[in-house]
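Enquirer: Show me how the following folds:
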Amino acid sequence: MAESVPPKPESGFPRWVMQLAVVGVLAVLLLLCVFAHEAHALDVAGQESKAYADQSIHAIVTTWSEDELINRASPEFQAATTKGQLDSVFIELRKLGKLQSYPGLKDDGKITLKWQNGHFSYLAFYEATATFEKGRLLVSIHLVKHDQQWQISGFHVDPEPFL
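Expert: Model (predicted):
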């Protein structure tokens, strides 16, 4: 006697609905992988930018070296700032005297991923304090990552918080 196979029960959903659900689940998994990769990349960029910002601030304020700033400056910074402007600012800053202490960056700062000029760019912002013979400053630094290289896109010193 031949055994009879019971017919498959109908799921109630057309086949295309089930296929669409599978494709949807795969798309969600792919997006999760992409977000996990970008989160890791952002974390790595944060570590790199923090180290770069800390080294840059220390190198610049130790002797108020314009060259240290210019060598690290982004093309945008260089286009917006003249050597004469930097000369006059750094002459004033040198009047603060020798660097007494630089404890490093205040915190982990802020790092963002921004779409600009047809691609994503990493941007970072950090603050630090530095004490000199004749005063104390809050130093703010803005960074941008161009071609795998961090560069300074903004540099600002402010004595106001400490007056």
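
Enquirer: Run through the neighbouring helices and strands of the top helix by length along the chain.
Expert: In the chain, assigned by DSSP state H, the helix with the most residues is helix 15-63. Applying 3 or more C-beta pairs under 8 Å, 6 or more residues apart in numbering; DSSP states H and E, we find helix 15-63 packed against helix 66-72, strand 99-101, strand 110-116, strand 119-132, strand 135-146, strand 149-158. C-betas here are computed from N, CA, C, even on glycine.

Enquirer: If we use 10 Å, what do you get?
Expert: helix 66-72, helix 83-94, strand 99-101, strand 110-116, strand 119-132, strand 135-146, strand 149-158 (3 or more C-beta pairs under 10 Å, 6 or more residues apart in numbering; DSSP states H and E).

Enquirer: For residue 54, which of the ones you listed is the nearest?
Expert: Residue 54 lies closest to strand 119-132 among those, at 7.4 Å (C-beta to C-beta).

Enquirer: quick one: residue 104 from residue 128, how far?
Expert: When distance is defined by C-beta to C-beta, to the nearest Å, residue 104 is 6 Å away from residue 128.

Enquirer: was I right about residue 127 contacting residue 105?
Expert: Yes: contact between residue 127 and residue 105 holds when scored by C-beta atoms under 10 Å: they sit 7.0 Å apart.

Enquirer: Now for the two: what residues contact both?
Expert: Here residue 127 and residue 105 share the contacting residues 53, 57, 139, 141, scored by C-beta atoms under 10 Å, 6 or more residues apart in numbering.

Enquirer: Report how many residues lie close to the residue nearest to residue 123 when sequence neighbours are not counted.
Expert: Here the nearest residue to residue 123 in space, its sequence neighbours aside, is residue 112; by C-beta to C-beta, 6 or more residues apart in numbering that works out to 5.0 Å. Number of residues near residue 112 (other C-beta atoms under 10 Å) recorded here: 11.

Enquirer: Confirm for me that residue 112 is in contact with residue 121.
Expert: Yes: counting by C-beta under 10 Å, residue 112 touches residue 121, with 9.0 Å between them.

Enquirer: Need the overlap of contacts for these two.
Expert: When C-beta under 10 Å, 6+ apart defines a contact, no residue borders residue 112 and residue 121 alike.

Enquirer: Can you list the low-confidence ranges for this protein?
Expert: In the prediction, the chain carries residues with pLDDT under 70 at positions 1-12, 33-45, 160-163.

Enquirer: can you rerun that using 80?
Expert: Counting by pLDDT under 80, the chain contains low-confidence residues at 1-14, 17-18, 25, 27, 29-46, 107-109, 111, 113-120, 160-163.
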